[in-house]
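*Asks:* model this:
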Amino acid sequence: MMIRTILAASVATFALSSGAASAQTMLKFAHVYEASEPYHTCAVAASDKLLAATDNRYGIEVFPASSLGKEVDINEGLGLGTVDIIYTGQLFAGRAYGPIAIGGSPFMFRDYEHWDAYRNSDLFKELAQGYSDATGNHIVSLTYYGARHVTSNKPILVPADMEGLKIRVPNAPLYMMFPRATGANPTPIAFAEVYLALQQGTVDAQENPLPTIQAKKFYEVQKDINLTAHITDALLTIVGGPTWNQLSEEDQEALTTVLKETSDCATEQIIQAEADLVEWFKNEGVTVNEVDRGPFIEATKKMHNGDMATWDQATYDRLQAIQ
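*Replies:* Just a heads-up that it's a prediction; the model follows:
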């Protein structure tokens, strides 16, 4: 009973963090990231904007740190109506509609500019519509999550250094592509459990962007950050079908505008954090290893249109052709 009481109090605290208590309806915005991260703080700020845009009809309660469930849970919750809005990785959305996962796959983008062009492209709009047709849920924006890097307790400088490495990956199949291409052993573990898994030696390594490595304190239990930048990653903001369909067209437009502004808010902060954090980690005593990405790219691209691909060749070619 005490545990349930504490949990209820924690969830209530997360809900209150969103501010707006005067809305006629509060939309539940769930994610797995820390309350200190831009994804959360920008989402919290969105509530007042939505209140103003909808004449207090709608506000937003934000529930961080897996407080409403792990990533798989909150994705399922969209269709059930237990959550209204989520951040989720493209590879998790790809469980329901395979082609949308292409944007979260390793070495799919040449650089940030290529990714930014993709998120504003007709291709992304078409893939988002395909996801909506398949699930009934509605993708409204794409937020930069950062370049994913491998952390470990040894330098990872060439693909051979990955051989046999037990590396934690999120619980979505395509996250296994990069480890498999380099001879590592991908091990799916829920995000909330990664620190302990690293600390106890359940896994040898993990991979995430620099801001996430800082926020989740992975650098406390991993002495090397290897700048593999193997995924230019992003988070989809998705509104559940039951919620979207109950909104008027006017309120749909207002919510879309606010959530796109939220995406831009977090994206700008993550870009700045990436620029600052290499020196920050060095000052914390972490070894930050520059990596020649060429051999890693060569090893991984062989798998882009192989058995693990959930997109067709035409979609792949269109993405690569984006300037």
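
*Asks:* what about the strands in the stretch 101-250 of the chain?
*Replies:* For the stretch 101-250 of the chain, the strands defined by DSSP state E, counting those that start in this stretch cover 138-152, 166-169, 185-188, 205-208, 224-239.

*Asks:* relative to Leu78, which of the ones you listed is closest?
*Replies:* Closest to Leu78 of the strands of the stretch 101-250 of the chain is strand 224-239 (C-beta to C-beta; 6.2 Å). For every residue, glycine as well, the C-beta is placed using N, CA and C.

*Asks:* what helices or strands is the closest one leaning on?
*Replies:* Contacts defined by 3 or more C-beta pairs under 8 Å, 6 or more residues apart in numbering; DSSP states H and E place strand 224-239 against strand 85-89, helix 90-93, helix 112-119, strand 138-152, strand 205-208, helix 249-283, strand 287-289, helix 294-301.

*Asks:* among those, which is nearest Ile322?
*Replies:* Closest to Ile322 of the helices and strands packed on strand 224-239 is helix 112-119 (C-beta to C-beta; 5.0 Å).

*Asks:* as a whole number, average confidence for that closest one?
*Replies:* The pLDDT scores in helix 112-119 average 97.

*Asks:* contacts for it?
*Replies:* The contact list for helix 112-119, computed with C-beta atoms under 8 Å, 6 or more residues apart in numbering, reads 103, 109, 124, 142, 144, 147, 232, 234, 271, 319, 322-323.

*Asks:* how long is stretch 284-295 from one end to the other?
*Replies:* One end of stretch 284-295 to the other measures 29 Å (C-alpha to C-alpha, to the nearest Å).

*Asks:* quick one: distance of it to the chain centre.
*Replies:* Put simply, stretch 284-295 sits 22 Å off its chain's centre (C-alpha atoms, centre = their mean, to the nearest Å).

*Asks:* need the residues that contact that stretch.
*Replies:* 107, 155-159, 219, 222-230, 278, 281-282.

*Asks:* at 10 Å what do you get?
*Replies:* Here stretch 284-295 makes contact (C-beta atoms under 10 Å, 6 or more residues apart in numbering) with 107, 149-161, 182, 210, 213-214, 218-220, 222-230, 277-282, 300.

*Asks:* out of the residues you listed, which are buried?
*Replies:* 107, 149-152, 156-157, 159, 161, 182, 210, 213-214, 218-219, 222, 224-230, 277, 281, 300 (16 or more other C-beta atoms under 10 Å).

*Asks:* re earlier: among the contacts of helix 112-119, which one has the most neighbours?
*Replies:* Gly103 (27 neighbours; other C-beta atoms under 10 Å).

*Asks:* now it. Nearest residue, chain neighbours left out?
*Replies:* In this structure, Gly103 finds its nearest non-sequential neighbour in Gln90, 4.8 Å apart by C-beta to C-beta, 6 or more residues apart in numbering.

*Asks:* distance of the one you found from Thr267?
*Replies:* Per C-beta to C-beta, to the nearest Å, Gln90 is found 15 Å from Thr267.

*Asks:* and stretch 245-259, what's buried?
*Replies:* Buried-residue list, stretch 245-259, by 16+ other C-beta under 10 Å: 247, 251-252, 254-256, 258-259.

*Asks:* which of those residues lies closest to Ile74?
*Replies:* Ile74 has its nearest neighbour among the buried residues of stretch 245-259 in Leu259, at 15.6 Å by C-beta to C-beta.

*Asks:* show me the contacts for that closest one.
*Replies:* 29, 42-43, 46, 49-50, 60, 85, 140-141, 143, 237-239.

*Asks:* and the pLDDT for the residue nearest to Gly103?
*Replies:* What the model reports for Gln90 is a pLDDT of 97.

*Asks:* list the contacts for the residue nearest to Gln214 when sequence neighbours are not counted?
*Replies:* Nearest residue to Gln214, sequence neighbours excluded (C-beta to C-beta, 6+ apart): Leu277, at 6.1 Å. Counting by C-beta under 10 Å, 6+ apart, Leu277 touches 146, 209-211, 213-214, 219, 225, 284, 288.

*Asks:* one step back: neighbours around the residue nearest to Gly103, how many?
*Replies:* Around Gln90 there are 25 residues (other C-beta under 10 Å).

*Asks:* ok, it touching Leu235?
*Replies:* Yes - using C-beta atoms under 10 Å, Gln90 makes contact with Leu235 at a distance of 8.0 Å.

*Asks:* joint contacts of these two?
*Replies:* Residues touching both Gln90 and Leu235 (C-beta under 10 Å, 6+ apart): 104, 142, 145.

*Asks:* okay, those residues in a markdown table with pLDDT next?
*Replies:* Output for these, formatted as a markdown table (pLDDT from 0 to 100):
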| residue | pLDDT |
| --- | --- |
| Gly104 | 97 |
| Leu142 | 98 |
| Tyr145 | 98 |
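
*Asks:* from these, which single one is nearest Pro170?
*Replies:* Gly104 (9.6 Å).

*Asks:* ok, of the buried residues of stretch 245-259, which one's closest to Asp73?
*Replies:* Leu259 (20.8 Å).
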